[in-house]
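*Asks:* sequence below, structure please.
(3 chains)
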Amino acid sequence: MLQQTQVSTVIDYYQRFLASFPDVKSLADASTEAVLAHWSGLGYYARARNLHKAARMVMEEFAGQFPGAPEALVRLPGIGRSTANAIAAFAFGVPAPILDGNVKRVLMRHLGIEAPPTGAALEQRLWAVVHDRVPADATHAQMIAYTQGMMDLGNMVCARSKPACQLCPVASDCEALHRGLQNVIPLPKPKKTVPERETVMAVWQHDGQLALQKRPDTGIWGGLWSFPEYPAVDDVPGGKGQLLPAFMHVFTHFKLHITPLLMQGPNIPQDLSLQWFPLADALALGLPQPIRRIIETIAASQQEYRLQSRT
DNA sequence: AAGTCGGGGCT
DNA sequence: AGCCCAGACTT
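*Replies:* Here you go, the predicted structure:
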């Protein structure tokens, strides 16, 4: 969950997730559907599918015993070099170093590397450095403290903006501070303009139910439930609908302008394999954030309607 | 090496 | 509005 996602964002998801799947077996026994529902809104949904698959692999290939060696961990889907080492260090006390965004920034400043935080060459150099610096004879407790300390140093002291160098335990030999570059390193990434796309989402509604479509497992929002999409309003079959407020959803690599079009059922295109869900049931599915937003808007307007018609 | 894959917090 | 976050995986 924490891959590319801030701790404050994860906490609620993490607690709900563990309440439902308290151990590897319960996660392995769950449906992908249920796992994605718990991930709904968190993003990077391949992480959920990979975690689910990894749990099943641990049950089948490791007899339910989580492997502790980094070489074994990286073979599990969704676990790369840094996450493998983090698990090995935290859970098993293995002297394996991590290299996440925080550690990367700390090292670039400490070494005085005037470059953007990108590229295979930099990656290779920094991995060599962390392997060189990790305390090889640390106890389990020390590995936990060291690993957590490395991340906290980057997050709380060697922060992205306004680093608190006066609090830094390694300020005395920090190359960036020495040269007054602590606010310059790392250099900004070369920025590229993100393309913008447009889509119309057809929201078929009938008798308090909505028609949803399960997306393919690969690609954007893989395995989640969504509304069928069309290039333009005129492309939506079944006559006129009611336009709902359009909004924009920002991805890492493009911006999506979404125009929801409310259509009245029950007649819907048969070739789309749509399924009907009562509003409350729909909100319990694995939904991308914008789809959840649309459904909540509809639910709120229906609630509004009920309140008004009562008076 | 570059692109894909979300959503939100912070400035 | 832009940047980046407890990155991994595919092309």
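
*Asks:* switch to C-alpha atoms for all contacts and neighbour counts from now on
*Replies:* OK.

*Asks:* residue A:107 touches residue A:126, doesn't it?
*Replies:* Yes: using C-alpha atoms under 8 Å, residue A:107 is in contact with residue A:126, at 7.3 Å.

*Asks:* all helices of the stretch 201-311 of chain A, in order?
*Replies:* Taking DSSP state H, counting those that start in this stretch to define them, one finds helices in the stretch 201-311 of chain A at A:279-282, A:289-310.

*Asks:* turn those into a markdown table, columns for distance to residue A:169.
*Replies:* Formatted as a markdown table, the helices of the stretch 201-311 of chain A follow (distance: least, C-alpha to C-alpha, whole Å):
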| stretch | distance to residue A:169 |
| --- | --- |
| helix A:279-282 | 51 |
| helix A:289-310 | 41 |
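
*Asks:* out of the ones you listed, which is closest to residue A:3?
*Replies:* helix A:289-310 (18.2 Å; C-alpha to C-alpha).

*Asks:* contacting residues around residue A:76?
*Replies:* A:54, A:57 (C-alpha atoms under 8 Å, 6 or more residues apart in numbering).

*Asks:* what residues does the stretch 201-311 of chain A put near DNA strand B?
*Replies:* Proximity of the stretch 201-311 of chain A to DNA strand B (C-alpha under 7 Å from any atom of the strand) is limited to residues A:218-222, A:250-253, A:287-290.

*Asks:* let's see that with 10 Å instead.
*Replies:* Contact residues (C-alpha under 10 Å from any atom of the strand) of the stretch 201-311 of chain A with DNA strand B: A:217-224, A:249-254, A:256, A:286-293.

*Asks:* also the stretch 51-200 of chain A?
*Replies:* Residues of the stretch 51-200 of chain A lying close to DNA strand B by C-alpha under 10 Å from any atom of the strand are A:118-124, A:159-162, A:190-192, A:194-195.

*Asks:* rerun at 7 Å
*Replies:* Within reach of DNA strand B by C-alpha under 7 Å from any atom of the strand, the stretch 51-200 of chain A has these residues: A:119, A:120, A:121, A:161.

*Asks:* just how off-centre is the helix or strand encompassing the third one within its chain?
*Replies:* Of the helices and strands defined by DSSP states H and E, residue A:121 is found in helix A:120-133. The gap between the average C-alpha position of helix A:120-133 and the chain average comes to 25 Å, counting by C-alpha atoms, centre = their mean, to the nearest Å.

*Asks:* repeat that for stretch A:166-181.
*Replies:* Stretch A:166-181 has its C-alpha centroid displaced from the chain centroid by 33 Å (C-alpha atoms, centre = their mean).

*Asks:* and that stretch, how far apart are its ends?
*Replies:* Counting by C-alpha to C-alpha, to the nearest Å, you get 15 Å between the two ends of stretch A:166-181.

*Asks:* what does stretch A:66-82 give?
*Replies:* Using C-alpha to C-alpha, first and last residues of stretch A:66-82 are 17 Å apart.

*Asks:* swap in stretch A:183-199?
*Replies:* Its first and final residues considered, stretch A:183-199 spans 40 Å by C-alpha to C-alpha.

*Asks:* so how far is that stretch off the chain centroid?
*Replies:* Chain-centre distance of stretch A:183-199: 19 Å, with C-alpha atoms, centre = their mean.

*Asks:* can you check stretch A:276-285 too?
*Replies:* Distance of stretch A:276-285 from its chain centroid, counting by C-alpha atoms, centre = their mean, is 23 Å.

*Asks:* from residue A:244, how far off is the residue of the stretch 51-200 of chain A found nearest DNA strand B?
*Replies:* Per C-alpha to the nearest atom of the strand, residue A:120 is where the stretch 51-200 of chain A lies closest to DNA strand B, at 3.5 Å. Distance, residue A:120 to residue A:244, by C-alpha to C-alpha: 46 Å.

*Asks:* strands along chain A, start to end?
*Replies:* Assigned by DSSP state E, the strands in chain A fall at A:196-206, A:209-214, A:225-226, A:229-230, A:242-243, A:247-250, A:255-264, A:275-278.

*Asks:* and these, which is most packed in?
*Replies:* Of all these, strand A:225-226 carries the top mean neighbour count, a mean of 25, counting by mean count of other C-alpha atoms under 10 Å.
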